[in-house]
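**Q** below are the sequence and a predicted model; questions follow.
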Amino acid sequence: MASLNAVKKIGILGGTFDPPHIGHLKLAIHFAKALNLDELLLIPSGEPWQKGLDITSAEIRFQLTEAAGIDLARAFLYLKIPTQIGVDRIELDRAGPSYAIDTVRALRERYGSDVSLSWLMGADSLIQLPTWNSWEKLLDYVNFAVASRPNHDLGAALSPVLIQLLQAHQTLDAKALENKPSGLIYIDESLAIDLSSTELRTRLKTSPGNALQTDQIPSHTLQIITNLGLYQ
């Protein structure tokens, strides 16, 4: 039985989710277990300011993410992972570009100062971190849990400013994130997954309808994509 004094642990998986795919679910499953998450929030971006103009509408992407959440919940049930799943409109309901810094500030205000908040990401997002708005302030509000990605050699790709960041904040112990509300970076080398929605969209556009593979897109998400004729 969990201690009454145990820190609540919440994971945040943000993204454009255009579309959500199996890579997102694998990342969620892995860190739900590794970090003993009580709750996992899937947060589709409202206005993904770094992604250009060719983006599916926010409301459709929210629907696709909700559908992926159904498959994720089934996977958690099957794997006996007790993490609760929420699909959050926080970025859709906020006007203007979707900046992670605004989201983590709002979540910290929502959950209080003691809860462990961990932002889940792939290694490519960590490499791009210095391009994010007010990126250097993010660790004041959350931890980072980073999954390695195929063909992304972190050692070779890290800029001097990120090397400094890791020297100040990296931990090799996933458990450390459970007990600290923010300020730590954990890089997990045991999970190498591809998180490219861009490549998947290209494949969807060039594949005939019957070639859509359920090993790449969650089944409930794929059903909506097919019904609405998305990515054709």
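**A** In hand now; what should we look at?

**Q** the worst-scoring helix or strand of the chain on mean pLDDT packs against which elements?
**A** For the chain, using mean pLDDT, DSSP states H and E, the weakest element among its helices and strands is helix 154-157, scoring a mean of 72. Applying 3 or more CB pairs under 8 Å, 6 or more residues apart in numbering; DSSP states H and E, one finds that helix 154-157 contacts helix 123-128. No exception for glycine: its C-beta is placed from N, CA and C like everyone else's.

**Q** mind redoing it with 10 Å?
**A** Packed against helix 154-157 by the contact rule (3 or more CB pairs under 10 Å, 6 or more residues apart in numbering; DSSP states H and E) you find helix 123-128, helix 160-169.

**Q** looking at the ones you listed, which is buried most?
**A** Most buried of the helices and strands packed on helix 154-157, by mean neighbour count (mean count of other CB atoms under 10 Å): helix 123-128, with a mean of 20.

**Q** what comes into contact with that helix?
**A** 14-15, 50, 100, 119, 121-122, 132, 135, 144, 146-154, 156-159, 162, 165-166, 185, 187-189, 192-196 (CB atoms under 10 Å, 6 or more residues apart in numbering).

**Q** list the contacts for residue 108?
**A** Residue 108 neighbours (CB under 10 Å, 6+ apart): 115, 117, 140-142, 181-182.

**Q** let's see 6 Å
**A** Residue 108 sits next to residue 141 when contact means CB atoms under 6 Å, 6 or more residues apart in numbering.

**Q** could you measure from the closest residue to residue 205 other than its chain neighbours over to residue 196?
**A** Spatial nearest neighbour of residue 205, excluding adjacent residues (CB to CB, 6 or more residues apart in numbering): residue 231 at 5.7 Å. From residue 231 across to residue 196, the span is 14 Å (CB to CB, to the nearest Å).

**Q** higher neighbour count, the two?
**A** residue 231 (19 against 14; other CB atoms under 10 Å).

**Q** flag every buried residue along the helix or strand that contains residue 109.
**A** Assigned by DSSP states H and E, residue 109 belongs to helix 100-111. Going by neighbour count (16 or more other CB atoms under 10 Å), the buried part of helix 100-111 is 100-105, 107-108.

**Q** would you turn the residues you listed into CSV with pLDDT and distance to residue 10?
**A** Formatted as CSV, the buried residues of helix 100-111 follow (pLDDT from 0 to 100; distance: CB to CB, whole Å):
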residue, pLDDT, distance to residue 10
100, 96, 15
101, 97, 17
102, 97, 17
103, 97, 13
104, 98, 11
105, 98, 15
107, 98, 8
108, 98, 10
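
**Q** for residue 198, give its distance to residue 48.
**A** 12 Å.

**Q** mind checking which of the two has more residues around it?
**A** Ranked by neighbour count (other CB under 10 Å), residue 198 and residue 48 place residue 48 first, with 19 against 12.

**Q** give me the three-state assignment for the more buried one.
**A** coil (DSSP: H, G, I helix; E, B strand; the rest coil).

**Q** I am finished for the moment; much appreciated.
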